[in-house]
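**Student:** With the sequence up front, the predicted model follows.
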Amino acid sequence: MTPSSSSVMRQITRSTGVVMASVLLSRILGFLRDWTVAHQIGSNASTDAYYAAFTLPDFLNYLVAGGSLSLIFIPVFTKYVAEGAEDEAWHVFSTVLTFMGLVLLLLVIVAEVFAPGLVHVIAPGFNATEKARVVSLTRLMLPAQICFYLGGVLTAVQYAKAQFVVPSLAPIIYNLAIIAGGVLLSSRLGIAGFSVGVVCGALVGNFGLQVYGATRAGARFRPNLDLRHPGFRLFVRLAIPIMLALSLVFTDDWIIRWFGSYLRAASITWLNYGKTLMRVPLGVVGQAVGVASFPFLAQLYSDKKYGELNRTLNSTLRGLILLLVPISALTMAESRPLVRLVFSHTRLGPADLGATASTLVLFSLGMFAWAAQNIVARGFYAARDTLTPAVVGTIFTVLNIPVYWLLVRRFEHLGLALASSIGIIVYTLVLFGVLKRRLPGYQASALFLFFLKIAAISAAAGLVTFRLTGWLSGHWSATSARGAFVVLILVTPAGALLTLLLAWILRVREVGDWPKKEPAADSTL
């Protein structure tokens, strides 16, 4: 690794540490948010309606590329900064904030008016009472999307300035507000108390706090509608493919809820709980690395340092493999005592806990793929190419819908979890293959062999951990919270140590090297 590349990796590592700490806390709070739903309400038709009510607001946010604002805006912003035209960068920032804010306000008003008809499309399997509840909750949460979008632009400029602390606080405040809404208001408002928390959290954490953060980063906002500016046109050109595409990354939850509305009550809730648990390690590692690395990847592309970009991307993917593949194997092995422990003292019964644990196993199969696609897509976005991931993602969404249909008919909610993992794994492999052909000089053979080695180690350690978990569960009655805790305390260190031992036996040098230096095998990159 060159000195310059090493410096970039050190910056990414420091930034990742900041983001990882905040994401860890955010994911824990995200779980506590769902735990509070389980504690206050349980798992039933009203919780299914609550989770289904997020579909229309999420779609609205997706329609204006709200979830990808950082990926779209950072390359535009850094382009002007790299050219020494920071004043122009802030002008484009003001244009985007003004115009897209007005567009989103109009869309929210339209969605409020036509919510009943739209809910019939997104949750067709619900009965009339459940649909009415979804409509009410949807209308309550729709205004939060304005805060999410404006806050997303403000967050993007902070990332572009390599300032990660204030943006990292947004999801923490958001989750705290939802928890507070549920605890304080659910006795009077029922499940709607959580929706009130959604709106309050978005207003305070995702918008209000980010105004402060962007100002601290030197943001200069002057409302304008300079829609002919080349920077705004570049932003639109990057955003349109994401706006029009239906990538599996974004549509997976919507598809699951659509099919889930036809299943027995609580199916959507089980799937949501299982996916939330899977997202804890996924967010802590995958999201943190992706958020922290992207501004540097975009800057390397703007500076035309393509060789260094390849090495940085490769090192980032190795880090994900090293961390997430073993974590996913251990999560699958310990799913039952894990779910029993974390959802103890809630209204969930044994059937709910068993169903949630099973969905967690199947979602965890795709854990690494969810993180890897996040990094691979950023390789395209850093090169200001949003079209390729959008096209590939849309194709795979269409191709995977029959998989959802076939598996849900055979395995009900478990089929939806399995279809989700199959789809994201295949999508990630294809997207990586396309990226490999796009990046000059990128060598993937060593990375692929490294993945196979870590996967084999993780599978062996996971199998032993699963057997040990089953044996200990019979002795400590893992059906109780205390017994589940004892089992997890014993098997988790054992599984981690076995993974490290196997890695040492197979001479996986990256265990000690990443992220300090790049393995010699990749010197050809």
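**Tutor:** Happy to help now that I have it.
**Student:** which residues touch the residue lying closest to V153 once chain neighbours are set aside?
**Tutor:** Of all residues not flanking V153 in the chain, L97 sits nearest, at 5.1 Å (Cβ to Cβ, 6 or more residues apart in numbering). C-beta coordinates here come from the backbone N, C-alpha and C atoms, glycine included. L97 makes contact with 150, 153-154, 221, 223 under the criterion Cβ atoms under 8 Å, 6 or more residues apart in numbering.
**Student:** if you look at the residues you listed, which of them are in helices?
**Tutor:** 150, 153-154 (DSSP state H).
**Student:** Nearest to L435 among those residues?
**Tutor:** V153 (26.7 Å; Cβ to Cβ).
**Student:** which element is A177 on?
**Tutor:** Assigned by DSSP states H and E, A177 belongs to helix 165-189.
**Student:** What of Y51?
**Tutor:** helix 45-52.
**Student:** list the helices and strands whichever helix or strand comes after that helix packs on?
**Tutor:** Scanning forward in sequence from helix 45-52 by DSSP H and E, the next helix or strand is helix 55-63. The helices and strands touching helix 55-63, judged by 3 or more Cβ pairs under 8 Å, 6 or more residues apart in numbering; DSSP states H and E, are helix 86-113, helix 115-122, helix 128-141, helix 144-160, helix 248-260.
**Student:** what residues are up against T251?
**Tutor:** Counted by Cβ under 8 Å, 6+ apart, T251 has contacts T397.
**Student:** separation between it and L277?
**Tutor:** Look at T251 and L277: by Cβ to Cβ, to the nearest Å, they are 21 Å apart.
**Student:** same thing with G152?
**Tutor:** Counting by Cβ to Cβ, the gap from G152 to L277 is 26 Å.
**Student:** still on that earlier bit, adding mean pLDDT, write the helices and strands packed on helix 55-63 out as JSON lines.
**Tutor:** Below are these laid out as JSON lines (pLDDT from 0 to 100):
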{"stretch": "helix 86-113", "mean pLDDT": "92"}
{"stretch": "helix 115-122", "mean pLDDT": "92"}
{"stretch": "helix 128-141", "mean pLDDT": "95"}
{"stretch": "helix 144-160", "mean pLDDT": "89"}
{"stretch": "helix 248-260", "mean pLDDT": "88"}
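**Student:** For those, give me JSON lines that also has distance to V426.
**Tutor:** Output for these, formatted as JSON lines (distance: least, Cβ to Cβ, whole Å):
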{"stretch": "helix 86-113", "distance to V426": "32"}
{"stretch": "helix 115-122", "distance to V426": "25"}
{"stretch": "helix 128-141", "distance to V426": "31"}
{"stretch": "helix 144-160", "distance to V426": "29"}
{"stretch": "helix 248-260", "distance to V426": "9"}
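**Student:** and R188, which of the ones you listed is closest to it?
**Tutor:** Checked against Cβ to Cβ, the stretch from those lying closest is helix 128-141, at 14.5 Å.
**Student:** helices or strands next to the closest one in the packing?
**Tutor:** Helix 128-141 packs on helix 45-52, helix 55-63, helix 115-122, helix 192-201, going by 3+ Cβ pairs under 8 Å, 6+ apart.
**Student:** again, only this time at 10 Å
**Tutor:** helix 45-52, helix 55-63, helix 86-113, helix 115-122, helix 192-201 (3 or more Cβ pairs under 10 Å, 6 or more residues apart in numbering; DSSP states H and E).
**Student:** Buried residues, the fourth one. List them.
**Tutor:** What it means is helix 115-122. For helix 115-122, the neighbour count (16 or more other Cβ atoms under 10 Å) marks 115, 118-119, 122 as buried.
**Student:** Distance to L449 for those - can I get that in JSON lines?
**Tutor:** Below are the buried residues of helix 115-122 laid out as JSON lines (distance: Cβ to Cβ, whole Å):
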{"residue": "A115", "distance to L449": "52"}
{"residue": "L118", "distance to L449": "48"}
{"residue": "V119", "distance to L449": "49"}
{"residue": "I122", "distance to L449": "43"}
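**Student:** from those residues, which is closest to T465?
**Tutor:** Distance to T465 across those (Cβ to Cβ) is lowest for I122, with 39.2 Å.
**Student:** What ranges in the chain fall below the confidence cut-off?
**Tutor:** Scanning the chain for pLDDT under 70 picks out the ranges 1-20, 65-71, 245-246, 286-307, 309, 439-443, 477-478, 510-525.
**Student:** before we move on, back to that, and the angle from the helix holding Y51 to helix 248-260?
**Tutor:** Between helix 45-52 and helix 248-260, the angle comes out at 150 degrees (axes from the mean of the first three to the mean of the last three Cα atoms, to 10 degrees).
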